[in-house]
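[1] here is my input, please return the structure:
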Amino acid sequence: MQTAPDLQELVNRIRTRDYTIGIMGLGYVGLPLAMISLDAGFKVIGFDIDASRVALLNRGETGIDHLPGAAIKVAVDSKRFRATSDFADLSEPDAILIAVPTPLTKNREPNLSFVENSARAIAERLRPGQLVVLESTTWPGTTREVVQPLLEATNLSLGKDFFLAYSPERVDPGNDVHTTATVAKVIGADDSSSLQVAKELYDQIIVQTVPVASTATAEAVKLTENIFRSVNIALVNELKVIFDRMGIDVWEVIEAAKTKPFGYMAFYPGPGLGGHCIPIDPFYLTWKAREYEVTTRFIELAGEINTNMPHYVVDRLVEALDRRAGRGLRGSRILVIGMSYKKNVGDTRESPSLKLIDIMERRGAVVDYHDPYVPEIPGTREYATLAGRPSVDICASSLASYDAVVISTDHDAIDWQNITKYAKLVIDTRNACARSQSRTDNVVKA
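    Okay, the predicted model is just below:
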């Protein structure tokens, strides 16, 4: 018969690094978490259903531009890290951190299938002493209402035989200043023993931990952070439309406004929202709020404004083509600069560039794209027809051959002076051309 673990013994094992961490999901969240755990001296086992990704990592490569593979290669060679698709190995790690996707369905309802499948896989091998932490963004109550029952079906007792917590990821891909290790980590649990063990673990790998009253509170913290951004981005996108009609440059307004040292925080407009968090997470709370007969008007309005931004950009393009070239969008050759959702990374999740291309092609345009971080468009459910399309090279003659260039992502590696110098018409959604010392009479901000 297996006995309940001794808490102090577990704490001592964590502190002495006699403790193995398992991470489920080895993407933009899970892999950085694995790397900082290795840096802190822990042995790590990574789990992923993508066999090609597992093979890549076991060769010491990350496949993610801003995450160099050298540290992974050293850890693989020293037997401190291995990746696997064999969930039978889930009994080996002492802590299992779940960092799997939580997408929305076509009806904008939470799809927790990855979380549920992960929890079931863990439950099949759950042993006394193991800590399970959900990091995936989700609605308040998921850990307690979805994950906990699956683990308790093993007849092991929460807080006595095994431990369960929620700690939301705070990853900003490509940010070299605020990294996974240097951003404070919120931790919530529904019993004191789970909170103690989870906090002790994260204290070893993160600069600061912030314990909160429950898993639901921690889940709400993550949604609050992302809803705050979504609403404020929607506000500045709406201001962009209004100020443009008034002949006012919203970018100049923002630069002047942010000189006020209190009561104002700068947010910037764009062609739409991208990434896994901001376009998706607010709707988790919208969905859950219906259970309590509460309407999330701000959240839904922000989503409506942000979702409409690609259409606004295309409308500005059509207007500029008509005014400057006397032609419409049908048959026009358009170049989109940037396929990733943010600058200096290759992450295309929910990228507004995908929607821009789709809208323009449906209206008869011929569209290419250039992105030094995205050699070809990966497959997506919503834009399957764009999968495999390659990035084109750009030079003076190729830029001049397009009827218009649409700047969707403002990578630092792009020569913006050449863009403005050789392109006939530039639709700038990121104020990127403000960095150029070349001509700007062909630039339309959108």
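
[2] now do the helices in the stretch 301-446 of the chain.
    352-362, 396-400, 416-422 (DSSP state H, counting those that start in this stretch).

[3] for those, which one sits closest to V197?
    helix 352-362 (41.0 Å; Cβ to Cβ). Backbone N, C-alpha and C define where each C-beta goes, glycine included.

[4] in JSON lines, list the helices of the stretch 301-446 of the chain along with distance to V236.
    Shown next, in JSON lines, are these (distance: least, Cβ to Cβ, whole Å):
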{"stretch": "helix 352-362", "distance to V236": "15"}
{"stretch": "helix 396-400", "distance to V236": "29"}
{"stretch": "helix 416-422", "distance to V236": "22"}
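
[5] could you look over these and pick the most buried one?
    Highest mean neighbour count among these (mean count of other Cβ atoms under 10 Å): helix 352-362, with a mean of 21.

[6] what's next to it, contact-wise?
    270-274, 309-311, 313-314, 317, 329, 334, 336, 338-341, 348, 367, 369, 377, 380, 382-383, 386, 406, 408-409 (Cβ atoms under 8 Å, 6 or more residues apart in numbering).

[7] so how do I select the buried members of the residues you listed in PyMOL?
    Selection of buried members from those for PyMOL, criterion 16 or more other Cβ atoms under 10 Å:
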select buried, resi 270+271+272+273+274+309+310+313+314+317+329+334+336+338+339+340+341+348+367+369+377+383+386+406+408+409
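
[8] any weak-confidence spans in this structure?
    Within the chain, the stretches with pLDDT under 70 are 1-3, 437-439.

[9] hmm, try it at 80
    Counting by pLDDT under 80, the chain has low-confidence residues at 1-4, 65-69, 106-107, 173-174, 275-277, 435-440.

[10] could you work out the end-to-end span of stretch 160-170 for me?
    Distance between the boundary residues of stretch 160-170 (Cα to Cα, to the nearest Å) amounts to 29 Å.

[11] wait, stretch 346-357
    Stretch 346-357: ends 17 Å apart by Cα to Cα.

[12] repeat for stretch 78-94
    End-to-end distance (Cα to Cα), stretch 78-94: 20 Å.

[13] what do you get for stretch 132-146?
    Start-to-end, stretch 132-146 (Cα to Cα) is 13 Å.

[14] what is the distance between that stretch and the centre of its chain?
    Using Cα atoms, centre = their mean, to the nearest Å, the mean C-alpha position of stretch 132-146 is found 17 Å from that of the whole chain.

[15] what comes up buried for that stretch?
    Buried residues in stretch 132-146 (16+ other Cβ under 10 Å): 132-140, 142-144, 146.

[16] inside helices: which ones of those?
    T142 (DSSP state H).

[17] show me where the stretch 201-350 of the chain has strands.
    209-212, 333-337 (DSSP state E, counting those that start in this stretch).

[18] test my guess that L201 contacts R13.
    No: L201 is beyond contact range of R13, at 10.2 Å (criterion: Cβ atoms under 8 Å).

[19] those two: which has the busier surroundings?
    Taking other Cβ atoms under 10 Å, L201 and R13 do not tie; L201 has more neighbours (29 against 17).

[20] distance of the more buried one relative to G27?
    Distance, L201 to G27, using Cβ to Cβ, to the nearest Å: 21 Å.

[21] buried residues in the longest helix along the chain?
    For the chain, the helix that runs over the most residues, judged by DSSP H, is helix 215-245. Neighbour-count burial for helix 215-245, counted by 16+ other Cβ under 10 Å, picks out 215-223, 225-227, 229-231, 233-241, 243-244.

[22] tell me how far that helix lies from the chain's centre.
    On Cα atoms, centre = their mean, the centre of helix 215-245 falls 15 Å from that of its chain.

[23] same question, stretch 79-99
    23 Å.

[24] so how far does it reach from one end to the other?
    Using Cα to Cα, first and last residues of stretch 79-99 are 22 Å apart.

[25] hmm, L223 and Y284 touching each other?
    Yes: here Y284 reaches L223: they are 6.2 Å apart, a contact under Cβ under 8 Å.

[26] thank you, goodbye.
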